[in-house]
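[1] with the sequence up front, the predicted model follows.
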Amino acid sequence: MFDTALLIGFPYVATAVAIAATTYRWVFDPYSYSSQSSQFLENRALFFGSVPWHYGILTILLAHIVALSFPGTWGLFTADQNRLYVLEITGLSLALMTTAGLTILIVRRIFNVRARAVTTALDWILLVFLLLQVALGFWVAYYYRWGSDWFLHTAAPWLISLAKFRPDITSVSALPFWVKFHFINGFVIVLLLPFTRLVHLLAYPFSYFWRQHQIVIWNRARGQRRVS
């Protein structure tokens with residue numbers, strides 16, 4: 001019953017709340033879709049935290065999505081022991097890089113007055129869960145080896161069954177506690193995201209692909225003479 005509530009009920013509740021909250025915020029408060037940036041790349045702490053965090057987390061998420069979307073192809077790729085070994089080392093390196101980057105960003109946010117001023121209580125809570133998630137990802141990858149392969153036979157069938165609205169937890173119910181906690185914590189992040197400043201991640205500026213190369217906006221009438 002406990003596994004059913006956490007591995008079936010909670011993912012559906014978290015996803016439903018996230019979709020509803022994101023839609024409501026986009027319709028009634030669209031200008032809140034902002035990172036509320038404070039001195040973008042203003043110091044080394046932000047630079048050395050932001051770069052490894054963004055590159056690391058995006059690569060890790062992309063790998064998860066590819067494995068989930070193309071399990072057959074991913075399985076063929078990991079069937080070779082040498083490729084699997086390289087993939088595991090790469091994953092561990094990315095997880096460590098991501099954890100270090102996020103830690104730097106959190107420390108910077110604690111001691112930077114401007115950054116702290118635009119950080120809400122829910123932002124702090126989400127940052128804690130994000131740090132826990134990436135640290136857990138590194139821990140699971142290190143202590144439960146070859147996750148690139150066993151993911152296809154455990155988490156992938158479970159997530160696909162949820163997406164098809166035919167939930168089946170058979171493949172994940174016997175997994176160790178910390179592995180299941182890593183899965184559940186991912187949905188905690190999904191639940192919290194729409195209520196924080198990090199919701200701007202969902203509003204990627206796709207219009208940049210077709211906007212003009214350069215836009216000039218005059219702040220005074222053209223040809224107007226400056227009055228001395």
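    Nice, I can see it. Quick caveat, the model's predicted, so the values are computed rather than measured.

[2] elements contacting the helix or strand of the chain with the lowest mean pLDDT?
    Ranked by mean pLDDT, DSSP states H and E, the weakest helix or strand in the chain is helix 113-117, scoring a mean of 79. Other elements packing on helix 113-117 under the criterion 3 or more CB pairs under 8 Å, 6 or more residues apart in numbering; DSSP states H and E are helix 81-111. For every residue, glycine as well, the C-beta is placed using N, CA and C.

[3] who's in contact with the spatially most central residue of the chain?
    The chain has residue 57 as the residue nearest its centroid, 6.3 Å off, counting by CA atoms, centre = their mean. Residue 57 makes contact with 98, 102, 134, according to CB atoms under 8 Å, 6 or more residues apart in numbering.

[4] how about a cut-off of 6 Å?
    Neighbour list for residue 57: residue 98 [criterion: CB atoms under 6 Å, 6 or more residues apart in numbering].

[5] any idea how far residue 189 is from it?
    According to CB to CB, to the nearest Å, residue 57 and residue 189 sit 11 Å apart.

[6] check residue 141 too.
    Distance, residue 141 to residue 189, by CB to CB: 18 Å.

[7] these two: who's more crowded?
    Neighbour totals were compared for residue 141 and residue 189, and residue 141 leads with 21 against 17 (other CB atoms under 10 Å).

[8] what's the angle from the helix or strand containing the more buried one to helix 81-111?
    Take DSSP states H and E as the rule and residue 141 turns out to sit in helix 121-143. With axes from the mean of the first three to the mean of the last three CA atoms, to 10 degrees defining the directions, helix 121-143 sits at 150 degrees from helix 81-111.

[9] I am finished for the moment; much appreciated.
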